[in-house]
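Enquirer: Okay, structure incoming, though there's no sequence with it:
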């Protein structure tokens, strides 16, 4: 294998060549947002147009810059020129863009969004776009800029610098200390201090230890884990390897939801490449550290994202949670000590190591031990969707207020009507009202408000949204996705759904308010895993912020927005895509 | 860490085993915490949340801190000083809340009906609750754990939640088993017991969330899903969701703890009896020492024969070869027999005891034969491989296996020699499967593709009758590679040098040729066996020819010694036999070779002193030689007890034919058989549900059989009949008042039973001593002798009519080919074409191609199937029958005892026909 210095030199050469070559460099965003907008077809069209025009160009698929509303986003850098971005590119206009810009070098194409490079008056600077300007990219720093398939491009952006440093200059304990001091908290939802979590695993002397990376990400409206896997899989891989070294783990497993072909393919490719370059396997960077990584897929289950259900799933069993104790750090996958981290958490690790814990802890909300404030350092990756003008994947510093995110970055509601509701943290998260826009992105502050930051999804609703119906949809999701193991969740979810359906149909009475509370609180208290324990959360917060919506359904027998007049559609299947795969392809 | 932990439940101090959870500790100390999904003996599951408690424990700083929330008692391990509160308002409301939810899906008219307090056993009150909610729709009314829990919780039953009946049709197509998913609470005990304890995984969870229910994968029938019809799922079901079909609605008025005598495991059962004096259910006892709450298809569904109307009701005599039997009184019958038997005193008389008979029955039988009839021709009917127990005992000096069958669970390597644990000794298979599940290695040596071989690490098909050489080859490898237990051999073995010299003849290359097993496999089997810290060998030697038995046992014994696996916890030898009480019968002297307590004829004066009479000094004739000596006229009179169809391994036809030559045949049985047809006197026998007595299982565990049913007709116990005959023949020494008195005499006579009483064996774990005079834990000072065998030529199977040997076995599910099961409403038709494995060279000779339809023909059966040219050895064909077909055919069977009479097959002579 190449020593890091040689690898970096080689990568830098290649990067320079890409940037200064006499060929145009075309990058197109083919993350899930791009693909949804038709980027695959655009990509095919580009290659065919280049062929017919006999143009020679470097074409790369890249991830997502975060401004998903502009997808498919085409990024063309002419030799010696700036990066010019074309938004909402369709197959029909590909030829005109290439003709216009690459062949004729005109810069008046109507789809031009902006440019990155030396500022001039001809084109707007992309960095002035709110969706880019307000971002503070750490985990997603490479997203949209480099090809997720090319390890050289990642290394040229200082990739594997941290791993090299860790393996050659640091002891595992030092790495854990560094992570602890950075204040990094788990981004999966529970916000557990990562350094502390790692310290459980290092204590075990078992020669086989697993470090698991959870990319189940089943929350509707959350796509940041998938975004990282699609945009910059090597960074996650580096973070995972560092975590492996710090905890003394021998194996890493990246657990991805079945059916997400994009993230799965790119991750598997990244692992293959890393093995080729000796960045996984035996004796990484001649340090004597061995580490193996593989990808494992879930079946069709939301609960598979729960850490112990995830381990069951990896073992090939029904994804049902285990009880604790024993905790994963003693008895995890295949009975071996294990540690589970979210994709985002691990992706921060290389930058924390390269730039130091101090740098990271100065971003976001600083903790204070004396005042017993845990703090929320670093950035949050927000998936903004729903009724919003500029939906996207935005990485912002912790401590930013929801108002800034919704208004400044998101540009307010898409309908232009008044904002009414924010649904945060996935279906087990919470529902916030308009008056909570001054809440800051802080794990503890959000929790106090009755919502959670959770996976980072924020779904926006305007004043035409009926919160009772929204609650019903959330409950329907949770009910459908209950694994069916523990009684309170299996049966409680059914009854809560039944009651909310009654409410939506305006067939409910005031007794139901008490009933839903009793059932919900019992479920919260007695359930085996987070699914049942958190399942009542969204209802409680909805009742807290939108009591009038409920009262109107129960007492006035009418829906304030009129949206409940339509027939109820409950999920027959929360993952149509994944199921289709199983039905046709599986045995 | 100490073994015992002191903690408190509701303020009361409790001591419990370290490592157990709160719930198990509470159960052990007779404290009740409600639970629905937990089941003793299985892993905790933590689903029902009914056992939630509040817990305070000592934290790292030494102060008490409470575990947040309400943890489940079944998943919280106990620790020193822990304080558990099992009931207070908070806990109760949580439990009630969950129960409220549960009852919205479970019909509960049995709890809400306003007449429930007034309800009598025969009340019909169909108008008080809605149709599908009635107590009469539940077969487990008043046997329901859910109902008990509701009552414990003192529920108000006024929850505003909506009730929803699932309205799922009953599933009644499978044999013996009915499933009503309207009553299921998804506690998953059944799925867990099937997977965790039985190792079968025949049933599984379907769907998720509120739709979670139990079923088979892909909705197949139990016949094809791998079910072994052990009924464990029914036993653990807390509600009426899973029940036995027959007597489904019948209520027990009496429950009796007894022991199944259908195989040598001796499963402790609770027999339920209804008001019509029928045995309606058997429930394996969780505290059973040998079965740990488990049973098999025989004891769960096969024992219904005891209720049969077809049982022989009274004594019958057929004088002067008349065509018809005449019903007579006992008085007349005994008188007649006594008169007749007077003529045959001496070697002309033989007595065959029942292999299921109690120790008392068989003790009196052998005493009768030896004292009254002056004949040592006494045996039990299943004793067709006497070498297995006798030679093992002679070699090791142990009267029983050193360790219990559940010690196998912790054995690192288990080796099965020609043993199919599905049909016979079924429960022995459980610790084997569990061991494999926990990472132990299983070596299976067999020609048949047995069910247990699917769990094997190494499945070795040796050529027939070369097992002894294969094992000798393993021993050779062990010495060659110095894997033997040097210390053990040096300290505890006498003739190690001689043995080492003898082992040189077993050249591994030669053994490779003889056994047809490659050198590499011999080597790796040897390494696997010898390198482990504890290895057990289980051997029934079902496919091994009689003349090879001795050498096979010697080889097995040598392997165990050489690898130092004798006198070791979780290791050692497990000889298996077939008869339910074959071991006990031999212990009490029902054997042609030994007097009670395995006393040699040379020391017969010991017995004579107690019996106060002379006994003949020549060894008697056993069951195997019986036909020969009847045919040559030596034996003229036979008293045959019991279980005719269980005669196994004998040349059946020949035996039956020879019986015609007898002058006088007395048959004692509970059913008419081919034997009763030709008998002169037929006596009605009791079955184990009517008997009181002791039986001894394969581990040497002595247990008490207690009568559950009273006598229906004129049946009588064997010991009583024989005593009456003896007294009629003028001997007062047989004047036993009851079975206990017989047992007292056995205890006096047989050293290894000394100290045992009925009280003791019905409550305590009473295993007979390893060796007379040695107590269980005493270290044996003895030295062992290795047994030297020599290499002889292997006898080939030569039979012109049936040139092949068929290796036949039963499997639970067929992975090799498709099974079509047509589900009719009340029965299932199975359509399956088995694959017949045949050696390529043999096939070529018979012009059979791969995939051809061929038929196997033996004397008894014909099997059509598809040829697969992959059997490793010439001269052998192998095929598998579906276990489920056998179960399915049960109802169509002619014999009442069909199910319990199933046995493992040895190699059968067969020919092939190309279709």
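Expert: Ah, there it is. Everything quoted here is computed from the prediction, not taken from an experiment.
Enquirer: wait, isn't residue B:324 in contact with residue B:677?
Expert: No - counting by CB atoms under 8 Å, residue B:324 stays clear of residue B:677, with 11.7 Å between them. Every residue, glycine included, has its C-beta placed from N, CA and C.
Enquirer: So for these two, which sits in the more crowded spot?
Expert: residue B:677 (13 against 6; other CB atoms under 10 Å in any protein chain shown).
Enquirer: mind listing the helices in the stretch 301-450 of chain B by residue range?
Expert: Remark: helices assigned in the stretch 301-450 of chain B by DSSP state H, counting those that start in this stretch are B:330-341, B:359-367, B:386-396, B:429-437.
Enquirer: Export the ones you listed as TSV, with columns for mean pLDDT and mean neighbour count.
Expert: Shown next, in TSV, are these (pLDDT from 0 to 100; neighbours: other CB atoms under 10 Å in any protein chain shown):
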stretch	mean pLDDT	mean neighbour count
helix B:330-341	95	18
helix B:359-367	96	30
helix B:386-396	91	20
helix B:429-437	96	22
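Enquirer: Quick one, which of those gets closest to residue A:518.
Expert: helix B:429-437 (42.2 Å; CB to CB).
Enquirer: Centre of the chain to that closest one, how far?
Expert: Centroid displacement of helix B:429-437 relative to its chain, using CA atoms, centre = their mean, to the nearest Å, is 15 Å.
Enquirer: for that helix, packing partners?
Expert: On a contact count with 3 or more CB pairs under 8 Å, 6 or more residues apart in numbering or on different chains; DSSP states H and E, helix B:429-437 meets strand B:413-417, strand B:441-445.
Enquirer: Starting from the last one, tell me which strands it pairs with and how they run.
Expert: Spelled out, it's strand B:441-445. The strands beside strand B:441-445 in its sheet (DSSP bridges) come out as strand B:413-417 (parallel), strand B:458-460 (parallel).
Enquirer: most tightly surrounded among these?
Expert: For those, average neighbour numbers computed from mean count of other CB atoms under 10 Å in any protein chain shown are highest in strand B:413-417, which has a mean of 28.
Enquirer: and residue B:707, which of the strands paired with strand B:441-445 is closest to it?
Expert: Set against residue B:707 and scored by CB to CB, the strands paired with strand B:441-445 come closest in strand B:413-417, at 36.3 Å.
Enquirer: okay, the angle between that closest one and helix B:429-437?
Expert: 130 degrees (axes from the mean of the first three to the mean of the last three CA atoms, to 10 degrees).
Enquirer: model confidence over strand B:413-417, on average?
Expert: Averaging pLDDT along strand B:413-417 gives 97.
Enquirer: separation between the closest residue to chain B within the stretch 301-450 of chain A and residue A:312?
Expert: Closest contact between the stretch 301-450 of chain A and chain B, by CB to the nearest CB, is at residue A:323 (3.7 Å). Between residue A:323 and residue A:312 the computed distance is 12 Å (CB to CB, to the nearest Å).
Enquirer: thinking residue A:309 is in contact with residue A:317, fair?
Expert: No - with contacts counted by CB under 8 Å, residue A:309 stays clear of residue A:317, the gap being 9.3 Å.
Enquirer: Compare these two and say which is more crowded by neighbours.
Expert: residue A:309 (27 against 12).
Enquirer: In terms of secondary structure, what does the host helix or strand of the more buried one contact?
Expert: Under the criterion of DSSP states H and E, residue A:309 resides in helix A:307-314. Applying 3+ CB pairs under 8 Å, 6+ apart, one finds that helix A:307-314 contacts strand A:210-215, strand A:251-256, strand A:338-342.
Enquirer: burial count for the residue of the stretch 301-450 of chain A closest to chain B?
Expert: Quick note: residue A:323 (other CB under 10 Å) scores 20 neighbours.
Enquirer: Tell me who's in contact with it.
Expert: A:308, A:528, B:44-46, B:72, B:75 (CB atoms under 8 Å, 6 or more residues apart in numbering or on different chains).
Enquirer: The same query, at a cut-off of 7 Å, please.
Expert: Residue A:323 is in contact with A:528, B:44, B:46, B:72, B:75, counting by CB atoms under 7 Å, 6 or more residues apart in numbering or on different chains.
Enquirer: mind giving me CSV with these and columns for secondary structure, pLDDT and neighbour count?
Expert: Converted to CSV, the contacts of residue A:323 look like this (DSSP: H, G, I helix; E, B strand; the rest coil; pLDDT from 0 to 100; neighbours: other CB atoms under 10 Å in any protein chain shown):
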residue, secondary structure, pLDDT, neighbour count
A:528, coil, 94, 28
B:44, coil, 95, 21
B:46, coil, 93, 25
B:72, strand, 95, 28
B:75, helix, 95, 23
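Enquirer: What backbone torsions are found at the residue in the stretch 401-550 of chain B that chain A sits nearest to?
Expert: Residue of the stretch 401-550 of chain B nearest chain A, by CB to the nearest CB: residue B:439 (9.9 Å). Note on residue B:439: its backbone torsions stand at phi 110, psi 0 [degrees, to the nearest 10].
Enquirer: and what of residue B:862?
Expert: Taking degrees, to the nearest 10 as the convention, residue B:862 sits at phi -130, psi 130.
Enquirer: Isn't it up against residue B:836?
Expert: No - with contact defined as CB atoms under 7 Å, residue B:862 does not reach residue B:836; the gap is 11.9 Å.
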